[in-house]
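Peer 1: Below: sequence and its predicted model.
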Amino acid sequence: MISAFNLEKTYYDDGVETQALRNITFEIKEGEFVAIMGPSGSGKSTLLHILSFMDRQSGGSYAFSGEDINDFSDADLAHIRNSEMGFVFQSFNLLSRSTVYENVEMPLLYNHSILRGKRKEMVERAVFAVGLPEKLYVEAGKLSGGQKQRVAIARALVNNPNVIFADEPTGNLDSHSGAQVMEILEQLNQSGHTIILVTHETYTAEFADRIIKLLDGEIDSDIRVERKRRTKEDFFK
């Protein structure tokens, strides 16, 4: 699904050159659960932005579903991003005064081929999948942090994307809520979704079956791990 070869990213600010990524080469197959780890400034967020079409690399190549992204316009990439990718962020990025239904429906509004009745079915299915059907018409601002992140996952899920990018999804949550979020991501992966998780938390990364560690903009290690079934109680150890 994803193939990166010698990816590089360089930023220029007032004549100062900063190389954020260098020599990044790896492949991610459909259905994998991959965690990207690294200390602050290691380049993990920059890499996520490139993989999710929010930014372009400065050098090297990146292919998504066998297609080189350099062959696509920004409009093409935006279309692919909306139809084939879902996003979960640390800060939730919900509209507080809009209902859960309205927040989850938002990605569907950009696809004019989906009729209103079908949108309703898709939204309800996504909200049910994260265990919040009773909150469907509650304003997002009235939810707890854990519930907000579950709504964010429902929004990421509503288009039935091939890949879900999760950027520090438990960073603003307590242990109990974090466990619920990670269990949902694990279930989504088991149902066939590719999950790419950026995290600085070792325990969270262990939900993945592969961990890529970055250091100073380069891959320090890329290892497969044996995923173990965890319980909510494990988060309190």
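Peer 2: Everything's here; your move. Numbers count the residues shown, from 1 in each chain.
Peer 1: now this protein, which segments are flagged as low pLDDT?
Peer 2: 227-237 (pLDDT under 70).
Peer 1: ok, which stretches of it are helices?
Peer 2: Here the chain has its helices, by DSSP state H, at 44-51, 74-84, 100-105, 116-129, 145-157, 175-190, 202-205.
Peer 1: can you redo those as a markdown table with distance to Glu27?
Peer 2: Every residue, glycine included, has its C-beta placed from N, CA and C. As requested, those are exported to a markdown table (distance: least, Cβ to Cβ, whole Å):
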| stretch | distance to Glu27 |
| --- | --- |
| helix 44-51 | 12 |
| helix 74-84 | 17 |
| helix 100-105 | 32 |
| helix 116-129 | 28 |
| helix 145-157 | 23 |
| helix 175-190 | 17 |
| helix 202-205 | 19 |
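Peer 1: would you list those in CSV and tack on distance to Glu168 and mean neighbour count?
Peer 2: Below are these laid out as CSV (distance: least, Cβ to Cβ, whole Å; neighbours: other Cβ atoms under 10 Å):
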stretch, distance to Glu168, mean neighbour count
helix 44-51, 9, 22
helix 74-84, 19, 14
helix 100-105, 19, 23
helix 116-129, 21, 16
helix 145-157, 11, 24
helix 175-190, 11, 19
helix 202-205, 9, 18
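Peer 1: Of those helices, which is nearest Phe33?
Peer 2: helix 175-190 (4.4 Å; Cβ to Cβ).
Peer 1: May I have the beta-bridge partners of Val8?
Peer 2: One thing to correct before we go on: residue 8 is Glu, not Val. Gly59 (DSSP bridges).
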